[in-house]
Each structure stands twice: as C-alpha cells, then as structure tokens.
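1. Below are the sequence and a predicted model for it; my questions follow.
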Amino acid sequence: MLQRLVELAQYVSFAFTERLVEAGVDPLVGSVGDAYDNALAESQIGLYKAELIRPEGPWRGVEHVEVETLNWVDFFNTERPHEAIDDLTPIAAEELHYASRNRLQSTG
C-alpha cells in the first residue's frame with residue numbers, strides 16, 4: 001500500500017504552529033492541527049470568499065484586500081447576524097447575555 005505524502009497545507013499548519021509556540025502564543029481550543037481546527041478554518045474561509053472576495057472584486061491590490069478584510073472581520077464579529085445565535089448579531093447576543101445575568105433582586 002502506498003502512503004500519501006504530507007500535504008503542503010498540513011506542513012504550513014505545523015510550521016505556523018511551531019512559530020506560534022516559539023512566540024509564546026497558546027492555541028485557544030483543541031489540539032493543534034486537528035480536524036476540527038481545519039474544518040472551522042475551511043468554513044470561515046468559505047464565508048470570507050463568498051461574502052467579500054468574490055462579490056467585491058476586482059481588487060486593486062494587496063493593500064485594498066487587507067483593508068477590506070479588516071472591515072469584513074469587524075462586521076462579522078459585531079454586526080453580522082449569526083444563525084447559531086438565533087440570527088442575532090454578536091453584540092446583541094452579548095447584551096442579552098449580560099442583561100439576563102445582571103437582574104437585580106428585590107431586598108424588601
């Protein structure tokens with residue numbers, strides 16, 4: 001049986017992870033380079049391409065893509081409704097969360 005060569009993306013992932021470890025950066029969740037990380041990254045990249053890259057092109061250059069990427073990430077993290085949180089924006093979901101936790105109890 002022939003063994004499959006390590007894919008370039010896996011090599012880059014491990015090289016990147018090693019660089020993060022050298023810099024003292026810890027992964028947030030899961031084991032480094034596991035299938036869940038890859039699935040999440042692929043899903044996020046798909047959204048990024050579908051919502052920004054394809055519809056907003058053609059691009060004038062790398063700097064144009066970088067600036068618009070920052071704008072999209074801000075929109076995604078603050079204003080975009082997310083199905084997983086009942087089509088609320090992250091900000092609205094966070095406000096509801098803290099409002100439900102901070103209800104004052106009557107002392108009377």
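-> Now that the structure is in, tell me what you want to look at. As the structure is a prediction and not an experimental result, all values here were calculated from the model.
2. Let me see the ranges of the helices in this structure.
-> 8-22, 35-48, 54-56, 62-78, 90-101 (DSSP state H).
3. Of all those helices, which one comes closest to Ala84?
-> Proximity to Ala84 (CB to CB) singles out helix 90-101 among the helices of the chain, at 9.4 Å. (C-beta placed from N, C-alpha, C; glycine too.)
4. in that closest one, what's buried?
-> Within helix 90-101, the residues that qualify as buried are Ala92, Ala93, counting by 16 or more other CB atoms under 10 Å.
5. tilt between it and helix 62-78?
-> Using axes from the mean of the first three to the mean of the last three CA atoms, to 10 degrees, the direction of helix 90-101 lies 30 degrees away from that of helix 62-78.
6. Can you name every helix or strand that helix 90-101 contacts?
-> Counting contacts by 3 or more CB pairs under 8 Å, 6 or more residues apart in numbering; DSSP states H and E, helix 90-101 packs against helix 62-78.
7. got any ranges where this structure has weak pLDDT?
-> Scanning the chain for pLDDT under 70 picks out 1-13, 26-37, 103-106, 108.
8. okay, which residue is most central for it?
-> What sits nearest the mean C-alpha location of the chain, by CA atoms, centre = their mean, is Gln44, with 5.8 Å.
9. Now for that residue: which residues touch it?
-> By CB atoms under 8 Å, 6 or more residues apart in numbering, the contact list for Gln44 is empty.
10. picking up where we left off before, tabulate the helices of the chain in a markdown table, adding columns for distance to Ala84.
-> Formatted as a markdown table, the helices of the chain follow (distance: least, CB to CB, whole Å):
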| stretch | distance to Ala84 |
| --- | --- |
| helix 8-22 | 25 |
| helix 35-48 | 12 |
| helix 54-56 | 23 |
| helix 62-78 | 13 |
| helix 90-101 | 9 |
